[in-house]
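In: give me the fold of what follows.
(chains A and B)
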Amino acid sequence: DTGVSQDPRHKITKRGQNVTFRCDPISEHNRLYWYRQTLGQGPEFLTYFQNEAQLEKSRLLSDRFSAERPKGSFSTLEIQRTEQGDSAMYLCASSLGLGQGNYGYTFGSGTRLTVV
Amino acid sequence: GENVEQHPSTLSVQEGDSAVIKCTYSDSASNYFPWYKQELGKRPQLIIDIRSNVGEKKDQRIAVTLNKTAKHFSLHITETQPEDSAVYFCASRAGSSNTGKLIFGQGTTLQVKP
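Out: Model (predicted):
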């Protein structure tokens, strides 16, 4: 286990199509986060999980976005009916739980989405 | 709502000089403040962090200071080197709830000129 893995690295899709991204966290990390990053901006929070439970979802996230972490391991982020404004880098990160005393994130390399 | 402001947006220094990046946060209950370095085309990587019960932390050429009263914290890089050139992000974690969510600043592009 060498870190957080994301797949695919790049995705080009036509407007209106659905896309799904996958994230495999560090195996001992029970928290998993999804962020979106556009050029020149900091990562923007989308949602996060503790084990399989989705604990928080950004109010900025439209109903077209959904995320799952069915077995508390890997997670998927789906965007339905993509729009050009969805074009961004989608970053996944994982961390230990708060009770384990380490809040630091390990980020994946991201999935770059381009909607044409 | 939760907000982190970061300044400056760009910073250019000569090799060997010091660089300082400042962030302010809005949530007085925030208790954890990490800094990330992101090189072009790569993932953000944690370089240093500080918790609210500590005022300063140092790791070789980098240090972070925290002023809880003023709700701001700063990254200090001494003896800068060209490989320090990157985008740096500060972040804060809300302490008022059991969340791991981090709120990030807008980033500072640091250029170290040889």
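
In: how about the residues of chain A by chain B?
Out: Applying C-beta under 8 Å from any C-beta of the partner chain, we find that chain A lies next to chain B at A:31, A:33, A:35, A:40-45, A:48, A:50, A:55-56, A:91, A:95, A:97-98, A:103-110. For the C-beta atoms, the positions are set from N, CA and C on the backbone; glycine is no exception.

In: filter those to the buried ones?
Out: With burial judged by 16 or more other C-beta atoms under 10 Å in any protein chain shown, the buried subset of these is A:31, A:33, A:35, A:42-45, A:48, A:50, A:56, A:91, A:95, A:103, A:105-110.

In: most proximal residue of chain B with respect to chain A?
Out: Chain B approaches chain A most closely through residue B:104 (3.5 Å), counting by C-beta to the nearest C-beta.

In: residues touching that residue, list them.
Out: Taking C-beta atoms under 8 Å, 6 or more residues apart in numbering or on different chains as the contact definition, residue B:104 lies against A:35, A:42-44, B:4, B:36, B:89-91.

In: switch to 7 Å and redo it
Out: Taking C-beta atoms under 7 Å, 6 or more residues apart in numbering or on different chains, we find residue B:104 in contact with A:42-43, B:4, B:89, B:91.

In: which non-adjacent residue is nearest it?
Out: Spatial nearest neighbour of residue B:104, chain neighbours left out: residue A:42 (3.5 Å); criterion: C-beta to C-beta, 6 or more residues apart in numbering or on different chains.

In: for residue A:55, see how far away that neighbour is.
Out: Here the distance between residue A:42 and residue A:55 works out to 21 Å (C-beta to C-beta, to the nearest Å).

In: again, but for residue B:110
Out: From residue B:110 to residue A:55 the distance is 34 Å (C-beta to C-beta).

In: am I right that the residue nearest to residue B:104 falls within a helix?
Out: No. Remark: residue A:42 does not belong to a helix; assigned using DSSP: H, G, I helix; E, B strand; the rest coil, it is coil.

In: ok, it - contacts?
Out: The contact partners of residue A:42, taken as C-beta under 7 Å, 6+ apart, are B:89, B:104-107.

In: one more pass at 8 Å, please.
Out: Taking C-beta under 8 Å, 6+ apart, we find residue A:42 in contact with B:4, B:6, B:89, B:91, B:104-107.

In: tell me the one among the contacts of residue B:104 nearest to residue A:9.
Out: Nearest to residue A:9 out of those is residue A:43 (C-beta to C-beta; 17.1 Å).

In: quick check: closest non-adjacent residue to the residue nearest the centre of chain A.
Out: By C-alpha atoms, centre = their mean, the mean C-alpha position of chain A lies nearest to residue A:34, the distance being 2.9 Å. Excluding the flanking residues, the one nearest residue A:34 by C-beta to C-beta, 6+ apart is residue A:46, at 4.2 Å.

In: hang on, isn't that neighbour packed against residue A:61?
Out: Yes. Judged on C-beta atoms under 8 Å, residue A:46 makes contact with residue A:61 at a distance of 5.6 Å.

In: more neighbours: these two, which one.
Out: residue A:46 (20 against 16; other C-beta atoms under 10 Å in any protein chain shown).

In: mean confidence (pLDDT) on the helix or strand hosting the more buried one, please.
Out: Secondary structure assigned from DSSP states H and E places residue A:46 in strand A:44-50. Here strand A:44-50 scores 93 as its mean pLDDT.
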